[in-house]
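Q: Task: produce atomic coordinates for the following.
(chains A and B)
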Protein chains: 2
Amino acid sequence: MTHHDAILEFAKMLKNLDRWLDKAAAHAGAKSFDVDVLAQARLAPDQYELTRQIQSACDQAKFAAAYLAAKQAPAHPDTEKTIAELRQRIEKCVAFLETIGKKDLLGAEERKVAPPWLGGKWLRGDDYLVEVAIANFFFHVTMAYAILRHNGVDLGKMDYIGALSTREG
Amino acid sequence: MTHHDAILEFAKMLKNLDRWLDKAAAHAGAKSFDVDVLAQARLAPDQYELTRQIQSACDQAKFAAAYLAAKQAPAHPDTEKTIAELRQRIEKCVAFLETIGKKDLLGAEERKVAPPWLGGKWLRGDDYLVEVAIANFFFHVTMAYAILRHNGVDLGKMDYIGALSTREG
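A: Residues are numbered from 1 along each chain as shown, chains lettered A, B, ... in the order given. The predicted structure follows:
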């Protein structure tokens, strides 16, 4: 599985998430509540609310792409208050992911990834991708899905998974 | 990122999950309730309960390993009723994952993966791994974590992530 496959999957899942927010807006419309109420929804008082789950999912994808491609990650300050702003955040993140090509990722498996929170230690690019980025990205995306579903948005497993690269013959 | 890295990560996350169940038992003991009540806990009436989340996480990992290595997956019938039985299920799954070596996975990226639910279509091994197995595995593991946390088990993000392969120098 290439690093590029992983980054394409992050982008695909973020686009799926954007569609869940579209369904959230439809649900809010049908029930006559302000969709932005959902931005503050959470499953437990000491867990992140939807806004921060989405910001975190975006950041996991963005930093993975930046570290693996040895590029500067664009700054995306956590200022979103509304579902519309969160959708813009997703769009900006996907746009950055789509700038990363296969060539940018040559040698990424052995690249030293030293995020500040590791306090001077580092991870091989491959270890960072699977142990940190993938594990955390799917954590936050799944939590966003769970929060929306818990609040009555009509989501099913195929909304989560999205389109598959199936082949025939 | 190699296929073997992904299978090692599945095994690591399942071992983390086993530790969450240990914490669940401690929590049940401290609060004097039967830990097996948690086996039926769920976050929404139309979502899988903890038992089925764990069975599904195990199956995603097991089938990914089997398909990618072109081996027969061992049968693990969904008969678990208790947390102790779920921990045995995890143990059996991890034991199978640990039989898969790097050599078994040579050429896995192009292997045709045709699970019955694709109705005759297939996915390249790499596409199956990232679009199906990884996305679904982390979904079910995260839901198991969310169910336990929602029920008061003292879990934090480091319990989720587990040990990292950090290096120095």
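
Q: Hmm, A:Ala57 and A:Leu17 touching each other?
A: Yes. Taking contacts as Cβ atoms under 8 Å, A:Leu17 lies within contact range of A:Ala57: 6.9 Å. For glycine as for every other residue, the C-beta is placed from the backbone atoms N, C-alpha and C.

Q: Need the residues touching each of the two.
A: By Cβ atoms under 8 Å, 6 or more residues apart in numbering or on different chains, A:Leu17 and A:Ala57 have these common neighbours: A:Val141, A:Ala144.

Q: Can you classify A:Asp46 by secondary structure?
A: Using DSSP: H, G, I helix; E, B strand; the rest coil, the structure places A:Asp46 in coil.

Q: Around it, how many other residues sit close by?
A: A:Asp46 is flanked by 7 other residues according to other Cβ atoms under 10 Å in any protein chain shown.

Q: Which helix runs longest in chain A?
A: helix A:3-31 (DSSP state H).

Q: roughly how far out does that one sit from the chain middle?
A: 9 Å (Cα atoms, centre = their mean, to the nearest Å).

Q: Tell me where chain A has strands.
A: Here chain A has its strands, by DSSP state E, at A:112-113, A:123-124.

Q: Let me know which of the ones you listed is the nearest to chain B.
A: strand A:123-124 (5.9 Å; Cβ to the nearest Cβ).

Q: is that closest one up against chain B anywhere?
A: Yes. Strand A:123-124 is in contact with chain B by Cβ under 8 Å from any Cβ of the partner chain, via A:Leu123, A:Arg124.

Q: same for that strand, what does it pack against?
A: On a contact count with 3 or more Cβ pairs under 8 Å, 6 or more residues apart in numbering or on different chains; DSSP states H and E, strand A:123-124 meets strand A:112-113.

Q: Sheet partners, orientation included, of the strand it packs on?
A: strand A:123-124 (antiparallel) (DSSP bridges).

Q: now the residue nearest the centre of chain A: how far from A:Asn16?
A: Of all residues in chain A, the one closest to the mean position by Cα atoms, centre = their mean is A:Ala57, 3.2 Å from it. Noted for A:Ala57: a distance of 11 Å to A:Asn16, by Cβ to Cβ, to the nearest Å.

Q: before we move on, back to that, I'd say the residue nearest to the centre of chain A and A:Val141 touch.
A: Yes. Using Cβ under 8 Å, A:Ala57 is in contact with A:Val141, at 4.8 Å.

Q: so what's in contact with those two at the same time?
A: Contacts common to A:Ala57 and A:Val141, judged by Cβ under 8 Å, 6+ apart, are A:Met13, A:Leu14, A:Leu17.

Q: quick one: A:Lys71 and A:Leu97 touch, right?
A: No. Between A:Lys71 and A:Leu97 there is no contact, the gap being 11.2 Å when judged by Cβ under 8 Å.

Q: Next, show the common contact partners of these two.
A: A:Ala65.

Q: quick one: which of these two has more around it?
A: Taking other Cβ under 10 Å, A:Lys71 and A:Leu97 do not tie; A:Leu97 has more neighbours (21 against 13).

Q: Number of residues surrounding the closest residue to that one other than its chain neighbours?
A: Spatial nearest neighbour of A:Leu97, excluding adjacent residues (Cβ to Cβ, 6 or more residues apart in numbering or on different chains): A:Ala11 at 4.5 Å. The tally of other residues near A:Ala11 (other Cβ under 10 Å) stands at 20.

Q: Same check on A:Lys81?
A: 11.

Q: so how far does stretch A:116-133 reach from one end to the other?
A: 15 Å (Cα to Cα, to the nearest Å).

Q: How confident is the prediction for the residue of chain A found nearest chain B, by pLDDT?
A: For chain A, the residue closest to chain B is A:Phe138, as judged by Cβ to the nearest Cβ, at 3.3 Å. Listed pLDDT for A:Phe138 reads 98.
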